[in-house]
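Q: 3D model of this:
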Amino acid sequence: MLRASQFSEDAGPMSHPIRPDSYIKMENFYTVTVYEKGAEIIRMYQTLLGKEGFRKGMDLYFQRHDGQAVTCDDFLAAMADANGEDLADLGKWYSQAGTPKLTVTTSYDAAKKTFTITTHQVTPPTNGQTDKIPVLIPVKVGLLGPDGADLPLHLEGKGSVGTSTVLRCDAEKNTFTFTDVPVEPVPSLLRGFSAPVKLVVEGQTDEHLQLMFAQDSDPFNRWEAGQRLYMKLLIDLYTAAAAGPASTPLEERCAAGGGVPASLVAAFKAVLEDNRLDGSFKAMAIRLPSLTEIVDRIDEADPVLAWQVRDYVYKQLAHQLRPSLDNLLKQNEVDAGTPYTFNSVEAARRAIKNMSQSILGSLTDAAVQEQLLQKFRESTNMTDRMAALTVLCDHDTPGRAAALQEFYEANKDKPLVLLKWLAVQAGSSLPGNLKNVKALMDHPAFHITTPNCCYSLFLGFARSVNFHAADGSGYEFIGDAVITLDKINHQVASRVASAFTTFKQYDKEWQAMMVAQLKRIAAVEGLSENVFEIVSKSLQQAS
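A: Sure thing, here's the model as predicted:
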């Protein structure tokens, strides 16, 4: 959620601190920055102070303020006072917008057996905040030996600190030296996602990432290593596809760029077939970075091409690993009619089963699509049913229409469930899906005066590749929706208008079409303050 949504908000015209110091309409600030990034700051207190220190701080906080209206500063003071710590630099996160970029360089001195880590933090200028200051970034680290095992850590000035420790990066540049390091290690940095930053590790190789993906004891960094490998591949293939003539089929352009290498297929397969791994972890580990994350890494991206490259990689993995994916489906299947059980083991089983099913579902193979419809009909819980329906919705097959109708008939008296039904259709990557979304506006399940119906349909569509149709029709549809909604519910309209705030991430052609819609909305007479704030700040960034 943070990297897929909040990082792009930090980079857009509506960037704001966790504690905004000015606004036109407060309703526009119930955001992922306030909630998701704000929660990460709370977690950083625990990372810095430890669980016992965090609990001490909480006890003092409640002792001082139980029943009172309090501030972020009151919380920080309680944490600092309870632990005798200076946390002033952590408090800077509350007032400074933007996502810090933390660049790490390392060096190993074989003669002295020392390993040095140097960090350099920079926060890019944001809307209304051009000057940035260093913040306190807790970086949890470990060092891996050649076999992937954690090495014991000896930090200069502190001595032995176990196999994982937290480095306090509170200046533009910080340097830390580990002693008694017997071999050149692979650094495992930002363990547990210890701070909401963009991490760049200079000199990090595919071999380093493959070792971490296979062996790192930190679950987040093991997952992150896979994501970095996938992202490098996606960017390389995107670059190759963009360089080739548009008349050449995408598959040929990607193949000319090296395709999906055997080493990545092998790493992917190793995760699938590792019986020591939890199914929930496997499901996350084999999921490619989202379209939003890919676009965030490309200057002026073509969003449609980025989506097509991501789809190409999934198809290649499905083709090359079909036996392994089929085997996982069989291993994690239950007999038809088996009652739903809610526990961690069953949740993990469903997670890897449905992720394997989703990857296989990228194939247009008739047998796969028929199997999906069967799984949809046999499902005894909403998790499995929605997973199958989501994949079916991306293909124009008889199974798609049948499943959608059956789901509606089973749930037509359950308006909350039908929100899922609307969203899964709106977010479909089915070519030309806009006509289906427009038709849903006249369906009995949709009520334009119900906010959640609007979020499911309009924002669901705005998160899909069809929003970025080359003729601008997707942008026009959402522009029309904002204008219509602003006469009904200003808050809903402003939230839907936020779909245009990421326009700077895209190619000039897409930027121009999105800005045209922003200008069209801005020209509407009697525009609400809610929508005006979103649109005007976006247009300021366009100028």
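Q: what number of residues lie near residue 297?
A: 16 (other CB atoms under 10 Å). Any C-beta I mention is one placed from the backbone N, CA and C, and that applies to glycine too.
Q: was I right about it contacting residue 235?
A: Yes - between residue 297 and residue 235 there is a contact under CB atoms under 8 Å: 6.0 Å.
Q: give the contact list for residue 319.
A: Contacts for residue 319 (CB atoms under 8 Å, 6 or more residues apart in numbering) come out as residue 363.
Q: Pull the distance from the helix or strand hosting it to the chain's centre.
A: Residue 319 is part of helix 303-320 when elements are defined by DSSP states H and E. Averaging C-alpha positions (CA atoms, centre = their mean, to the nearest Å) puts helix 303-320 18 Å from its chain's average.
Q: So for that helix, mean pLDDT?
A: Average pLDDT, helix 303-320: 96.
Q: For the helix or strand following that helix, give me every contacting residue.
A: Next helix or strand after helix 303-320 toward the C-terminus (DSSP H and E): helix 322-331. Under the contact criterion CB under 8 Å, 6+ apart, helix 322-331 has outside partners 269, 272, 273, 318, 352, 353, 356, 357, 359, 360.
Q: Can you list the buried residues in helix 322-331?
A: For helix 322-331, the neighbour count (16 or more other CB atoms under 10 Å) marks 324, 325, 328, 329 as buried.
Q: what do you get for stretch 385-402?
A: Buried, per 16+ other CB under 10 Å, within stretch 385-402: 385-395, 397, 399-400.
Q: Out of these, the closest to residue 376 would be?
A: residue 388 (3.8 Å; CB to CB).
Q: ok, for the closest one, nearest residue in space, not its chain neighbours?
A: residue 376 (3.8 Å; CB to CB, 6 or more residues apart in numbering).
Q: Then residue 158?
A: The spatial neighbour of residue 158 that comes closest, neighbours along the chain excluded (CB to CB, 6+ apart), is residue 165 at 8.0 Å.
Q: Cross-check the contact I'm expecting between that neighbour and residue 138.
A: No - using CB under 8 Å as the test, residue 165 is too far from residue 138 to be in contact (10.3 Å).
Q: related to what we said a few turns ago, surely the residue nearest to residue 388 touches residue 403?
A: Yes - if you go by CB under 8 Å, residue 376 and residue 403 touch, sitting 5.0 Å apart.
Q: shared neighbours of the two, which are they?
A: Counting by CB under 8 Å, 6+ apart, the residues touching both residue 376 and residue 403 are 388, 389, 392.
Q: returning to that earlier point: now the buried members of the contacts of helix 322-331.
A: Buried, going by 16+ other CB under 10 Å: 269, 272, 318, 352, 353, 356, 357, 359, 360, out of these.
Q: re the thing from before, kindly indicate which of the buried residues of stretch 385-402 lies nearest residue 458.
A: When the buried residues of stretch 385-402 are ranked by distance to residue 458 (CB to CB), residue 393 comes first, at 17.0 Å.
Q: helix or strand for the closest residue to the closest one other than its chain neighbours, which one?
A: Excluding the flanking residues, the one nearest residue 393 by CB to CB, 6+ apart is residue 428, at 4.3 Å. Using DSSP H and E, residue 428 falls within no helix or strand.
Q: All the strands of the chain, in order from the start?
A: Under the criterion DSSP state E, the chain carries strands at the ranges 101-109, 114-122, 137-144, 154-155, 159-160, 165-169, 173-178, 186-188, 198-201.
Q: Using CSV, please lay out those strands together with mean neighbour count.
A: Formatted as CSV, the strands of the chain follow (neighbours: other CB atoms under 10 Å):
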stretch, mean neighbour count
strand 101-109, 16
strand 114-122, 19
strand 137-144, 23
strand 154-155, 18
strand 159-160, 10
strand 165-169, 20
strand 173-178, 17
strand 186-188, 24
strand 198-201, 16
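Q: so where's the chain uncertain?
A: 1, 22-29, 543 (pLDDT under 70).
Q: now the farthest one out in it, which residue is it?
A: residue 111 (42.2 Å; CA atoms, centre = their mean).
Q: since we're on the residue nearest to residue 472 when sequence neighbours are not counted, how many residues are nearby?
A: Distances taken as CB to CB, 6+ apart place residue 513 nearest to residue 472, at 4.2 Å, with adjacent residues excluded. Applying other CB under 10 Å, we find 22 residues neighbouring residue 513.
Q: Then residue 343?
A: Neighbour tally, residue 343, other CB under 10 Å: 8.
Q: measure it to residue 8 for me?
A: In this view, residue 343 and residue 8 are 35 Å apart by CB to CB, to the nearest Å.
Q: and residue 455, what is it in contact with?
A: Here residue 455 is in contact with 492, 495, 496 (criterion: CB under 8 Å, 6+ apart).
Q: May I see the residues you listed organised as TSV, with neighbour count and distance to residue 293 added?
A: Shown next, in TSV, are these (neighbours: other CB atoms under 10 Å; distance: CB to CB, whole Å):
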residue	neighbour count	distance to residue 293
492	26	27
495	24	22
496	26	22
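Q: now those residues as TSV including distance to residue 538?
A: Converted to TSV, these look like this (distance: CB to CB, whole Å):
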residue	distance to residue 538
492	18
495	14
496	13
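Q: Mark which of the residues you listed are part of helices, please.
A: Mapping the contacts of residue 455 onto helices (DSSP state H) picks out 492, 495, 496.
Q: Which residue, other than its chain neighbours, is closest to the last one?
A: If I follow you right, that is residue 496. residue 458 (4.8 Å).
Q: Distance check, the one you found against residue 478.
A: 6 Å.
Q: Settle it for me: which of those two has more neighbours?
A: Shown here are residue 458 and residue 478; by other CB under 10 Å, residue 458 has more neighbours (29 against 21).
Q: Packing partners of the helix ranked longest in the chain?
A: If you go by DSSP H, the chain has its longest helix at helix 38-65. Secondary-structure packing of helix 38-65 (3 or more CB pairs under 8 Å, 6 or more residues apart in numbering; DSSP states H and E): helix 72-83, helix 88-91, strand 137-144, strand 165-169.
Q: Can you add distance to residue 186 and give those back as JSON lines?
A: Listed next are these as JSON lines, based on distance: least, CB to CB, whole Å:
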{"stretch": "helix 72-83", "distance to residue 186": "32"}
{"stretch": "helix 88-91", "distance to residue 186": "29"}
{"stretch": "strand 137-144", "distance to residue 186": "4"}
{"stretch": "strand 165-169", "distance to residue 186": "16"}
